[in-house]
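Participant: got a sequence here, can you build the structure:
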Amino acid sequence: LGYATLTDMQLGKTVEDIYQEINKDKPDIIAISATFGQHDVLEKVVFLIQSIKNYDPLIVFGGSLSTLNCQRLVTSYPNSIVG
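Facilitator: Purely as a prediction, here's the structure:
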């Protein structure tokens, strides 16, 4: 059993807001959807997640950008999958 939350930058959240929520809740699985033009934001969010000490969640990447960069993502972030 578990629970899920949704955070969306299109609704006014910033990368820092997302980082703070993840750092507070430390979910087991984090899903990130990114489309074209968002690779810099995607990498910044993942960098911040990886900076949290003693925390290694499964990261699930989705969206058109993630599909296009599938090999790069799973190579760069071994504890991840692309959906």
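Participant: list the contacts of Phe36.
Facilitator: For Phe36, the set of contacting residues under the criterion of CB atoms under 8 Å, 6 or more residues apart in numbering consists of 64-65, 68. Backbone N, C-alpha and C define where each C-beta goes, glycine included.
Participant: swap the cut-off to 7 Å and go again
Facilitator: Each residue near Phe36 by CB atoms under 7 Å, 6 or more residues apart in numbering is listed here: 64-65.
Participant: not counting sequence-adjacent ones, nearest residue to Ser64?
Facilitator: The shortest distance from Ser64 to any non-neighbouring residue, by CB to CB, 6 or more residues apart in numbering, is to Thr35 (5.1 Å).
Participant: what is the three-state secondary structure of the residue nearest the centre of the chain?
Facilitator: Centroid check for the chain by CA atoms, centre = their mean gives Ile32 as the closest residue, at 4.2 Å. Applying DSSP: H, G, I helix; E, B strand; the rest coil to Ile32 yields a three-state assignment of strand.
Participant: please renumber so the chain begins at 884
Facilitator: With 884 as the first residue, the last one maps to Ile915.
Participant: does it touch Lys927 like I think?
Facilitator: No. Using CB atoms under 7 Å, Ile915 is not in contact with Lys927, being 11.0 Å away.
Participant: if I look at Gly920, what pLDDT would I see?
Facilitator: According to the predicted model, the pLDDT of Gly920 comes to 87.
Participant: counting neighbours, what do you get for it?
Facilitator: When counting by other CB atoms under 10 Å, one arrives at 8 neighbours for Gly920.
Participant: check which helix or strand covers it.
Facilitator: Secondary structure assigned from DSSP states H and E places Gly920 in neither a helix nor a strand.
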